[in-house]
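A.B. asks: quick one, fold the following:
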Amino acid sequence: MRQDQAPLNSATEPLSIPTSLSADSSLFESARWIAVKLLSRYENSDSFIDKLIDAELRRTDMLPPDRALVTELVNGVVRWLSRIDWILTGFYHGEFTKCMPIVKNSMRIALYQMLFLSKIPPPAAINESVELVKKIKGDRHAGIVNGVLRNILRNISNIRYPLREENEVLHLSVHSAHPQWMVRRYVMRYGGEEAEHLLNANNVRPSITLRINSYRSSIEEVSQALNNAEIRFEVSTIHPGSILITSLRDVRSLPIFAEGKVSVQDASATLSVLLADPKPGMLVYDLCSAPGGKAVHAAELMKNTGRIVALEVYESKLRFIDENARRSGITIIEPTQGDAREYTPDELADIVMVDAPCTGLGTLTKKPDIKWRRSLDDVRKMSVLQYDILNHAATVVKPGGRIVYSTCTIEPEENEDVVLKFLSSHANFELEPADQVLPSEVCSKGFMQTYPYKHKSDGAFAARLKRKL
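C.D. replies: Below you'll find the model as predicted:
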């Protein structure tokens, strides 16, 4: 049994969700059963959890509160997986990792509720997991689940984690639920205290960021609409035209979204477009464009005059670019299928935006499973692809024009290392300091770099490279 006085969670807030199944719900329609099923499917596939959740919810007619509960339980367990499993391993008699998936994930869901969802009484969380296992696997397995979870509940204020003074990386890995390879890099790069701030920020439930369409609306109009709908929000500290929604409402159902007055876009992504500084009448190539958010923002800044070629390697994704442009009232975007490493246009661009494929390790608040799916080898492999795309982008920008290279990761190998390698082999390009365009608090060493714990945004990077005359 592992015991300690460490606080269970300082980064989450209570969530208002159902505490029991409705009277007419059957076991196989319940939110908790669907959550168990999704977690089991996630463990046995290489799919990302958001895709699994979306596909499952499209097949059901669950009420919004139950949909919210499924999403919360699944994402919550994945977000805190190593911490949850550390506790369960300590209380389970035998090898916890070899449990049947239904038994294992039922216990994970119950423990997540006990630790992080204060609106759900722990006995209710335990009872529902026990009943679920009993109906599927019988009394013996249900008795094991009941015994383990009730033993944890009796000792919940004394859970013990690895001691920080003995092994800081292991302590942070378990307590903050990140893989050790990642924690080790953060501690070496930022120091233990700042690394902990970053890890904790990655575990905060994500907010939705709305970027105001200055071509169609204003901060005043959008703020009034959100106030009228009784939706809590705050203005981003790094971009005054970005609004963070702190409630759990689906903003896509709001008229201001349907009318194209706002788009869902992280403030860090907005800043990378501002760094490109597109002007009316320009020719812009947006490489790796889907779903087209940056292309749409560039078109808004261009007052819908000029031309934007939105390149995407997967033809099936072109419709998302087109839909986003139409909703926002934009007509100058041309969704185009093509490989960013091979695209050969007839005309050189004023601006090339390279929104490079990356590991996504700056987006862990929104996509917590990435930290368990990625490895250090992925970081290294991705940097090769990123350099190839950036290298080709140099051939499609005119003299005096600019390339803006951006990612949604904080790993140096994918960010400044790629840019510095590019500059060392392209003497006709120079780095234009980001702080000439953007606020100094999001700039470092000439680059744009944001962090979740500093800026309430994704961890993201951008660099502006000018082709000399």
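A.B. asks: where along the stretch 101-250 of the chain do the strands fall?
C.D. replies: Using DSSP state E, counting those that start in this stretch, the strands found in the stretch 101-250 of the chain span residues 208-212, 233-235, 242-245.
A.B. asks: quick one: buried residues of the second one?
C.D. replies: When burial is assessed from 16 or more other CB atoms under 10 Å, strand 233-235 yields the following buried residues: Phe233. C-beta coordinates here come from the backbone N, C-alpha and C atoms, glycine included.
A.B. asks: quick one: average pLDDT of that strand?
C.D. replies: Per-residue pLDDT over strand 233-235 has a mean of 94.
A.B. asks: stretch 444-455 too?
C.D. replies: 97.
A.B. asks: how about stretch 252-269?
C.D. replies: For stretch 252-269, the per-residue pLDDT averages 93.
A.B. asks: begin at 18 from here
C.D. replies: Done: numbering now begins at 18, and the last item shifts to stretch 269-286.
A.B. asks: neighbours around Val355, how many?
C.D. replies: One thing to correct before we go on: residue 355 is Gly, not Val. Using other CB atoms under 10 Å, the number of residues around Gly355 comes to 15.
A.B. asks: tell me the pLDDT at the nearest residue to it once chain neighbours are set aside?
C.D. replies: Counting by CB to CB, 6 or more residues apart in numbering, Leu328 is the residue found nearest to Gly355 once chain neighbours are left out, at 5.0 Å. Predicted confidence (pLDDT) for Leu328: 97.
A.B. asks: distance between the helix or strand harbouring Leu328 and the chain's centre?
C.D. replies: Assigned by DSSP states H and E, Leu328 falls within strand 324-329. Strand 324-329 sits 24 Å away from the centroid of its parent chain (CA atoms, centre = their mean, to the nearest Å).
A.B. asks: ok, and what's touching it?
C.D. replies: Strand 324-329 is contacted from outside by 299-307, 309, 312, 315-316, 319, 335, 338, 349-355, 357, 360, 362, 366, using CB atoms under 8 Å, 6 or more residues apart in numbering.
A.B. asks: pull the distance from the helix or strand following that strand to the chain's centre.
C.D. replies: Sequence-wise, the next helix or strand downstream of strand 324-329 (DSSP H and E) is helix 335-344. Relative to the chain's own centre, helix 335-344 is displaced by 21 Å; criterion: CA atoms, centre = their mean.
A.B. asks: for the helix or strand just after helix 335-344, which strands pair with it and how are they oriented?
C.D. replies: Counting by DSSP H and E, the next helix or strand C-terminal to helix 335-344 is strand 350-354. Using DSSP bridges, the strands paired with strand 350-354 in its sheet are strand 324-329 (parallel).
A.B. asks: and Pro429, how far from Tyr203?
C.D. replies: 12 Å (CB to CB, to the nearest Å).
A.B. asks: which one of these two is surrounded by more residues?
C.D. replies: Tyr203 (22 against 16).
A.B. asks: and the closest residue to that one other than its chain neighbours, what is it in contact with?
C.D. replies: Taking CB to CB, 6+ apart, and ignoring the residues beside it in sequence, Tyr203 has Ala212 as its nearest neighbour in space, at 3.8 Å. Taking CB under 8 Å, 6+ apart, we find Ala212 in contact with Leu189, Val200, Tyr203, Val204, Arg206.
A.B. asks: may I see those organised as TSV, with pLDDT and distance to Pro140 added?
C.D. replies: Shown next, in TSV, are the contacts of Ala212 (pLDDT from 0 to 100; distance: CB to CB, whole Å):
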residue	pLDDT	distance to Pro140
Leu189	98	32
Val200	98	34
Tyr203	98	38
Val204	98	39
Arg206	97	43
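A.B. asks: can you tell me which of the residues you listed are in helices?
C.D. replies: Leu189, Val200, Tyr203, Val204, Arg206 (DSSP state H).
A.B. asks: from the residues you listed, pick the one nearest Gly463.
C.D. replies: Using CB to CB, Arg206 comes nearest to Gly463 of the ones in helices among the contacts of Ala212, at 18.3 Å.
A.B. asks: for that closest one, grab the count of nearby residues.
C.D. replies: Around Arg206 there are 13 residues (other CB under 10 Å).
A.B. asks: measure it to Glu428 for me?
C.D. replies: Counting by CB to CB - Arg206 and Glu428 are separated by 10 Å.
A.B. asks: and Ala52, by the same measure?
C.D. replies: Separation of Ala52 from Glu428 (CB to CB) stands at 31 Å.
A.B. asks: if we can go back for a sec, as TSV, the strands of the stretch 118-267 of the chain with distance to Asn172 would be great.
C.D. replies: Shown next, in TSV, are the strands of the stretch 118-267 of the chain (distance: least, CB to CB, whole Å):
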stretch	distance to Asn172
strand 225-229	37
strand 250-252	38
strand 259-262	38
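A.B. asks: nearest to Leu393, of the ones you listed?
C.D. replies: Once these are compared by CB to CB, strand 225-229 is nearest, at 29.2 Å.
A.B. asks: pairing partners for the closest one, with directions?
C.D. replies: Strand 225-229 has these strand partners (DSSP bridges): strand 259-262 (antiparallel), strand 279-281 (antiparallel).
A.B. asks: quick one, the helix or strand following the last one and strand 225-229 angle?
C.D. replies: Past strand 279-281, heading to the C-terminal end, the next element that is a helix or strand (DSSP H and E) is helix 284-293. Calculated by axes from the mean of the first three to the mean of the last three CA atoms, to 10 degrees, helix 284-293 forms an angle of 30 degrees with strand 225-229.
A.B. asks: please name every helix or strand in contact with the following helix or strand past helix 284-293.
C.D. replies: Once helix 284-293 ends, the next helix or strand along the chain (criterion: DSSP H and E) is strand 300-304. The elements that strand 300-304 packs onto, with contact taken as 3 or more CB pairs under 8 Å, 6 or more residues apart in numbering; DSSP states H and E, are helix 310-318, strand 324-329, strand 366-372, helix 393-410.
A.B. asks: now strand 300-304 and strand 350-354, what's the angle there?
C.D. replies: Using the same axes, to 10 degrees: strand 300-304 against strand 350-354 is 40 degrees.
A.B. asks: got the end-to-end distance for stretch 267-275?
C.D. replies: Start-to-end span of stretch 267-275 (CA to CA, to the nearest Å) is 12 Å.
A.B. asks: quick check: which of the strands of the stretch 118-267 of the chain is nearest to Glu237?
C.D. replies: Checked against CB to CB, the stretch from those lying closest is strand 225-229, at 9.7 Å.
A.B. asks: poorly predicted segments of the stretch 168-317 of the chain, please.
C.D. replies: Applying pLDDT under 70 to the stretch 168-317 of the chain flags the ranges 265-266.
A.B. asks: buried residues in stretch 51-69, which are they?
C.D. replies: Buried-residue list, stretch 51-69, by 16+ other CB under 10 Å: Ile51, Ala52, Val53, Lys54, Leu55, Leu56, Ser57, Arg58, Tyr59, Ile66, Asp67, Leu69.
A.B. asks: fine, thanks again, bye for now.
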